[in-house]
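Asker: sharing a sequence plus its predicted fold:
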Amino acid sequence: MGTSNMLTLPQKLPERLQLVRQRIAEAASAAGRDPASVTLIGVSKTQPAAAVREAIAAGLSDFGENYVQEAMGKLREVADESVTWHFIGALQSNKTREVAAHFHWVHTIDREKIARRLSEQRPFHSPPLQVCLQVRLGGEETKSGVGASELDALADAVAALPRIRLRGLMCIPPAEDDPARQRHWFAELRRLREGLVARGHDLDALSMGMSGDFEAAISEGATHVRVGTALFGPRS
């Protein structure tokens, strides 16, 4: 289910966007959810500003970037206040100032130091920066993210910071082809969020699911899906 729709991608971006939105709507309806409860983030890393502008013209308003230097040039070139920019890559301490100043969301908080710098560097005229904690699932040490055993302490620390707002959790789970196995990991992230809510955290976001598995993520409650290949085509 997750990859079959990607084998023959339409040539034009508006058609690919329509197909992805159709897949989101079908997955949400199958799960008894409102398709409007799922935000589609177009992963525009390595894509030129022209591709972002084309996607905006086709009706996409949320974009995800992984690399600060590339993103800053693109933000300046696009210069569209209707766009919501999501930082979805690993964030180093020396790059937090630009992200704090120019992005609306950061999905990849995995340590208190980064969250504290973002809070301190967020401009006071801007609304609080919306953030998710990235959780490492499946014991994959090569991936970023906080371990489940350390999640409670990090959530408490981040939620106490004044210029950011903790919204939820994010994951990049182990790669799986079987939809049932995909759902297993997404259900684990959902349960972790439920545990934090039970401890008093006001969390409404689950950032999970990419081009090959976002239907499974939606079935387990994803509120934000991060889609690159199915929208922009394979990266060269």
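Answerer: Arrived safely.
Asker: so for Ala216, what's the nearest residue that isn't a sequence neighbour?
Answerer: Setting aside the residues directly before and after it, Ala216 is nearest to Gln182 in space (CB to CB, 6 or more residues apart in numbering), at 3.7 Å. For every residue, glycine as well, the C-beta is placed using N, CA and C.
Asker: contacts for the host helix or strand of the one you found?
Answerer: Using DSSP states H and E, Gln182 sits within helix 179-198. Identification of contacts with helix 179-198 by CB atoms under 8 Å, 6 or more residues apart in numbering yields 1-2, 135, 137-138, 148, 151-152, 155, 168-169, 171, 173-174, 176, 203, 206, 208-209, 213, 215-217, 219-222.
Asker: just the buried residues of it, please?
Answerer: Gln182, Arg183, His184, Trp185, Phe186, Glu188, Leu189, Arg190, Leu192, Arg193, Leu196 (16 or more other CB atoms under 10 Å).
Asker: got TSV for these, with distance to Ser29 and pLDDT too?
Answerer: Shown next, in TSV, are these (distance: CB to CB, whole Å; pLDDT from 0 to 100):
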residue	distance to Ser29	pLDDT
Gln182	19	94
Arg183	17	96
His184	22	96
Trp185	22	97
Phe186	18	97
Glu188	24	97
Leu189	22	98
Arg190	19	98
Leu192	26	98
Arg193	23	98
Leu196	28	98
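Asker: how close does the most centrally placed residue in the chain get to Ala79?
Answerer: In the chain, the centroid-proximal residue (CA atoms, centre = their mean) is Ser207; its distance is 4.7 Å. Per CB to CB, to the nearest Å, Ser207 is found 25 Å from Ala79.
Asker: check Ala160 too.
Answerer: To Ala79, Ala160 is 34 Å away according to CB to CB.
Asker: neighbour count winner among those two?
Answerer: Counting neighbours by other CB atoms under 10 Å for Ala160 and for Ala79 shows that Ala160 has the greater number, 13 against 10.
Asker: ok, the more buried one to Gly59 distance?
Answerer: Ala160 sits at a distance of 38 Å from Gly59 (criterion: CB to CB).
Asker: burial count for the closest residue to Ala49 other than its chain neighbours?
Answerer: In space, and not counting its chain neighbours, Ala49 is closest to Glu77: 3.9 Å by CB to CB, 6+ apart. Per other CB under 10 Å, the neighbour tally for Glu77 reads 13.
Asker: got the phi/psi numbers for Glu77?
Answerer: Per-residue torsions, Glu77: phi -70, psi -40 (degrees, to the nearest 10).
Asker: check what pLDDT it gets.
Answerer: Looking at Glu77, its pLDDT is 96.
Asker: can you start the count at 582 instead of 1 from here on
Answerer: New numbering, starting at 582: the last item is Glu658.
Asker: so what does the next helix or strand after the helix holding Gln763 touch, helix or strand wise?
Answerer: Scanning forward in sequence from helix 760-779 by DSSP H and E, the next helix or strand is strand 786-788. The contact analysis (3 or more CB pairs under 8 Å, 6 or more residues apart in numbering; DSSP states H and E) places strand 786-788 against strand 710-716, strand 745-752, helix 760-779, strand 805-808.
Asker: what is the helix or strand immediately after strand 786-788 in the chain packed up against?
Answerer: Along the chain past strand 786-788, the next helix or strand (assigned with DSSP H and E) turns out to be helix 795-800. Judged by 3+ CB pairs under 8 Å, 6+ apart, helix 795-800 is in contact with helix 594-611, helix 760-779, strand 805-808.
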